[in-house]
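Participant: Build me a model from this:
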Amino acid sequence: MPAQGLTSVEKQQREFVRIDDMLPFAWTIIPEEEISKILLHYEKHREFPAKTGDVNALLSSMDIGDKLKLLERDEPNLARILSRLDMKLNFLIRLFHPGEQQQPLVPTPINLSGGGLAFWERDVPLAIGEVLHVRLALSPDALAVIECYARIVHVRHKDQNDLDKVACNFEPILSQDRESIIQHIFKRQAERLRAKKQV
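Facilitator: Below you'll find the predicted structure:
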């Protein structure tokens, strides 16, 4: 369900629907003085400051996912071919033009909502209040990577399977990225319900 036309309570309810998933994920700590500048820019422009050599921003701006969905109705075979070609081109672009000092995306156990996320990793050197630059793909073959900022609200060492749990609130996240996350959650929930019914 699109977010337009919803009451503020309905929007909040959509924002906090959660799902556990294994997703490509990376983070880096952002110094407080840098996050202040980012927040100021975001408040003025409702976008994050551009980074030089930001391949993911370029790929996001050229995303043809919506156009492929429209084409899929009339020409499903052509849409499938173009989708695979687009994925391969994006992969090659990322391969030959990696972002500046970016950590690789690693499949990570994540509890995801439109308002934030929790992730589990081994021996994280993080503390409550720190801000992370988060990079998240909603599938291993995603065409674009969601980039946002998240403030740590909880850290639990040795939470499960000897991994530390880090819980964060998005602060800030672009509205279209939040909506992509919410749509991903609804899609995964529907897939799991169908799988349960088939068992």
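Participant: If you count neighbours, what's buried in the lengthiest strand in the chain?
Facilitator: Looking across the chain with DSSP state E, the single longest strand is strand 146-160. Burial within strand 146-160, assessed by neighbour count using 16 or more other Cβ atoms under 10 Å, is assigned to 146-152, 155. C-beta coordinates here come from the backbone N, C-alpha and C atoms, glycine included.
Participant: Could you list the domains of this structure?
Facilitator: 8-49+104-198, 52-99 (automatic domain parsing).
Participant: Let me have the ones you listed in a markdown table, adding mean pLDDT as columns.
Facilitator: A markdown table is the format used below for the domains of the chain (pLDDT from 0 to 100):
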| stretch | mean pLDDT |
| --- | --- |
| domain 8-49+104-198 | 89 |
| domain 52-99 | 72 |
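Participant: and among those domains, the most buried is which?
Facilitator: Mean neighbour count, computed with mean count of other Cβ atoms under 10 Å, is highest for domain 8-49+104-198 among the domains of the chain, reaching a mean of 16.
Participant: how far does the longest strand of the chain sit from the chain's center?
Facilitator: Distance of strand 146-160 from its chain centroid, counting by Cα atoms, centre = their mean, to the nearest Å, is 14 Å.
Participant: Who are the packing partners of it?
Facilitator: Helices and strands touching strand 146-160, by 3 or more Cβ pairs under 8 Å, 6 or more residues apart in numbering; DSSP states H and E, are strand 116-121, strand 131-136, strand 163-170, helix 175-198.
Participant: so it versus helix 175-198, what angle?
Facilitator: On the basis of axes from the mean of the first three to the mean of the last three Cα atoms, to 10 degrees, strand 146-160 is oriented at 50 degrees to helix 175-198.
Participant: Partner strands of strand 146-160, with direction?
Facilitator: Note on strand 146-160: by DSSP bridges, its sheet partners are strand 131-136 (antiparallel), strand 163-170 (antiparallel).
Participant: nearest to Gln189, of those strands?
Facilitator: Nearest to Gln189 among these is strand 131-136 (17.9 Å), distances taken as Cβ to Cβ.
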